[in-house]
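**Q** predicted model follows, preceded by the sequence.
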Amino acid sequence: MSDTLESAAGSLGLLSSSCLTKVELRLTCKGVSDRDALSRPDPCVVLNMQSHGRWMEVDRTEVIRSCVNPTYSKVFTLDFYFEEVQRLRFELFDINNHNGPKEADFLGSLECTLGQVSPAGTGETNY
């Protein structure tokens with residue numbers, strides 16, 4: 001488990017349960033909104049998990065320059081807990097400079113559970 005993910009999991013109270021399996025999430029976006037008239041978007045996805053009503057950033061993808069249909073090389077590895085609802089939020093940003101999502105254009109988000117995007121940690125799901 002990466003240090004960032006382990007720290008987030010500890011803060012979310014996920015390390016106390018027994019882990020059923022590890023799940024790998026690979027992301028692809030289709031038709032990212034091109035809001036800038038002079039350039040194509042430079043998209044980045046931020047993954048957040050919810051615990052006790054609070055969202056915490058787990059990790060983020062790389063920025064893919066000038067792309068409306070990015071396929072990210074970043075793989076998110078998450079622990080799947082059998083009897084827990086693990087809420088996820090994927091936020092899509094157009095990164096305009098090197099300051100990250102704080103200085104970026106928000107393009108949209110998707111909320112789901114880990115079980116919805118990867119039932120029992122197997123298979124591929126497209127949204």
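**A** Perfect, thanks for sending it.
**Q** leaving aside the residues adjacent along the chain, what's closest to the residue most central in space within the chain?
**A** For the chain, the residue nearest the mean C-alpha position is residue 47 (2.6 Å; CA atoms, centre = their mean). The shortest distance from residue 47 to any non-neighbouring residue, by CB to CB, 6 or more residues apart in numbering, is to residue 58 (4.8 Å). To be clear about C-beta, it is placed using only N, CA and C from the backbone, and glycine gets the same treatment.
**Q** and that neighbour, which of the three is it?
**A** Per DSSP: H, G, I helix; E, B strand; the rest coil, the local secondary structure of residue 58 is strand.
**Q** around it, how many other residues sit close by?
**A** 20 (other CB atoms under 10 Å).
**Q** same check, this time on the one 5 residues further on
**A** Residue 63: 20 surrounding residues under other CB under 10 Å.
**Q** my read is that it contacts residue 94, right?
**A** No. Here residue 63 lies out of contact with residue 94, judged by CB atoms under 8 Å, at a distance of 9.3 Å.
**Q** mind listing the shared neighbours of those two?
**A** Each of 42-43 lies in contact with both residue 63 and residue 94 under the rule CB atoms under 8 Å, 6 or more residues apart in numbering.
**Q** which phi and psi does the residue of the chain most remote from its centre have?
**A** Of all residues in the chain, residue 38 has its C-alpha farthest from the mean position, at 27.6 Å, by CA atoms, centre = their mean. Backbone torsions of residue 38, given as degrees, to the nearest 10, read phi -100, psi -10.
**Q** can you point out the buried residues in stretch 30-38?
**A** residue 32 (16 or more other CB atoms under 10 Å).
**Q** stretch 92-108 now?
**A** 92-95, 101, 104-105, 107.
**Q** also stretch 71-82?
**A** Under 16+ other CB under 10 Å, the buried positions of stretch 71-82 are 72, 76, 78-81.
**Q** can you say which helix or strand has residue 108 in it?
**A** strand 105-113 (DSSP states H and E).
**Q** ok, then the element right after the worst-scoring helix or strand of the chain on mean pLDDT?
**A** Least confident element among the helices and strands of the chain, by mean pLDDT, DSSP states H and E: helix 3-11 (a mean of 59). Next along the chain after helix 3-11, taking DSSP H and E as the criterion, comes strand 21-28.
**Q** I appreciate the help and will end here.
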